[in-house]
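**Student:** Model the following, please.
(chains A and B)
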Amino acid sequence: MPADFEVALQGVDTRLKALQPGTTLGDLAYSSATANTNTRLPIGTTGQVLAVSGGVPAWATPATSGLTFITGTSFSAVSSVSLPTDTFSTTYLNYKIIFNLTAAGGAITETRFRLRAAGADNTSALYSNGGYEINSAGGGAASSGQTQTSVLWGNIATSTPEFTKFEMTLFSPKATAYTTFNVNGSKGTATWKAMTGFYEATTSFDAMTFYPDAGTITGSYRVYGIANS
Amino acid sequence: MTKLFKQIGDEIVEFTEADYAQMELDKIEAKRIADNLTSKETSKAALLAKLGITADEAKLLLS
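**Tutor:** Next up is the predicted model:
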């Protein structure tokens, strides 16, 4: 090959590389301030989105917002069900929990819950709550409990256990502050209940346990972290 | 005695001796609370009967 021709090809190669600077799968190129020269934007990481930073394109990790799924599972014919250790962390201040019962077995009377830390349920008599419930027949009743060793959600009708479902907003369980909760849902036979309460100490909790007084429960739960922004 | 099981996350394990003991304590506590409520209701009913008024009439007096 003539030497002049080789030099010319090298020039073309250099020019092409300036226009298409990508070197890796997924790389992008954008125009730079220099004419006929593009800048390589290396591929971002999973979940990143294309944004603008300093007047040029850049990959950015979108800020999380709303609810973020943390954990969830189904359970079958167990006498208690606990969220995994460290479900609650410093990542989120508040949490949303969906508890869905689909079946029950044995001599169930009531369902309850407790907060939990380092693999152990907290049974201190520091749980207090107050609420109100209305059933399909129009009957209503207030319910409350002060400085008890657990929180009573309500009875389960073994013939219709699927009526027992609730959503809970749990406030600051991990923080060294009072843990408070709002619970809203159904229990027993077509009875709606709303309840609020707290654990009266600044204990830091990383999970919680749901359990019936007796018998077994079957169903599922889902836990979501609530983003601060 | 029937074996009881608990689920922690996805792991299912048998109740420990401490779990069985806690369950017995919980039963005692639940009975104490229920008895206390029953006792209060009985006392209220007895007082209303003594006064010769209904619960609604008692509420009216306190309003």
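**Student:** Looking at chain B, which residue is nearest chain A?
**Tutor:** Using C-beta to the nearest C-beta, B:Gly9 is the residue of chain B that sits closest to chain A, at 3.5 Å. The way it works is simple: take the backbone N, C-alpha and C, and place the C-beta from them, glycine included.
**Student:** check contacts around that residue.
**Tutor:** Under the criterion of C-beta atoms under 8 Å, 6 or more residues apart in numbering or on different chains, the contact list for B:Gly9 reads A:Thr71, A:Thr73, A:Ser82, A:Leu83, A:Pro84, A:Thr85.
**Student:** What residues does the third one make contact with?
**Tutor:** This means A:Ser82. The contact partners of A:Ser82, taken as C-beta under 8 Å, 6+ apart, are A:Arg116, A:Asp121, A:Ala207, A:Met208, A:Thr209, A:Phe210, B:Lys6, B:Gln7, B:Ile8, B:Gly9.
**Student:** now swap in the last one and tell me
**Tutor:** A:Thr85 makes contact with A:Arg116, A:Ala118, A:Gly119, A:Asp206, A:Ala207, B:Ile8, B:Gly9 under the criterion C-beta under 8 Å, 6+ apart.
**Student:** What residues does chain A have near chain B?
**Tutor:** Taking C-beta under 8 Å from any C-beta of the partner chain as the criterion, the neighbours of chain B within chain A are A:71, A:73, A:75, A:77-85, A:109-110, A:112, A:119, A:121, A:123, A:145, A:148-150, A:211, A:213-214.
**Student:** From the residues you listed, which land in strands?
**Tutor:** Using DSSP state E to define strands, the subset of the residues of chain A next to chain B located there is A:71, A:73, A:75, A:77-78, A:80-82, A:110, A:112, A:121, A:145, A:148, A:211.
**Student:** Give me the neighbour count for B:Ile53.
**Tutor:** Per other C-beta atoms under 10 Å in any protein chain shown, the neighbour tally for B:Ile53 reads 14.
**Student:** Skip the chain neighbours and tell me the closest residue to it.
**Tutor:** Counting by C-beta to C-beta, 6 or more residues apart in numbering or on different chains, B:Ile53 lies nearest to B:Leu61, which is 7.7 Å off, once chain neighbours are set aside.
**Student:** so how far is the helix or strand where that neighbour lies from its chain's centroid?
**Tutor:** B:Leu61 is located in helix B:55-62, with elements delineated by DSSP states H and E. Its chain's average C-alpha position is 26 Å from that of helix B:55-62, according to C-alpha atoms, centre = their mean, to the nearest Å.
**Student:** OK, contacts around A:Arg15?
**Tutor:** A:Asn36.
**Student:** is it fair to say it lies in a strand?
**Tutor:** No: under DSSP: H, G, I helix; E, B strand; the rest coil, A:Arg15 sits outside any strand and is assigned helix.
**Student:** Tell me the predicted confidence for it.
**Tutor:** In the prediction, the pLDDT value recorded for A:Arg15 is 77.
**Student:** I'd like the distance between it and A:Ala35.
**Tutor:** As for A:Arg15, its distance to A:Ala35 is 11 Å (criterion: C-beta to C-beta, to the nearest Å).
**Student:** Where does A:Val12 sit, in terms of helix or strand?
**Tutor:** When secondary structure is defined by DSSP H and E, A:Val12 falls within helix A:3-19.
**Student:** continuing past that helix, what's the next helix or strand?
**Tutor:** On the C-terminal side of helix A:3-19, the nearest following helix or strand under DSSP H and E is strand A:28-31.
**Student:** Flag every buried residue along that following strand.
**Tutor:** Neighbour-count burial for strand A:28-31 flags A:Leu28, A:Ala29 (criterion: 16 or more other C-beta atoms under 10 Å in any protein chain shown).
**Student:** can you check stretch A:134-154 too?
**Tutor:** A:Asn135, A:Gly145, A:Gln148, A:Thr149, A:Ser150, A:Val151, A:Leu152, A:Trp153, A:Gly154.
**Student:** Could you point out which of those residues is nearest to A:Asn100?
**Tutor:** Each of those was scored against A:Asn100 by C-beta to C-beta, and A:Trp153 proved nearest at 12.9 Å.
**Student:** who touches that closest one in this structure?
**Tutor:** A:Trp153 sits in contact with A:Glu110, A:Thr111, A:Arg112, A:Phe113, A:Thr164, A:Phe166, A:Val183, A:Lys187, A:Lys193, A:Met195, where contact means C-beta under 8 Å, 6+ apart.
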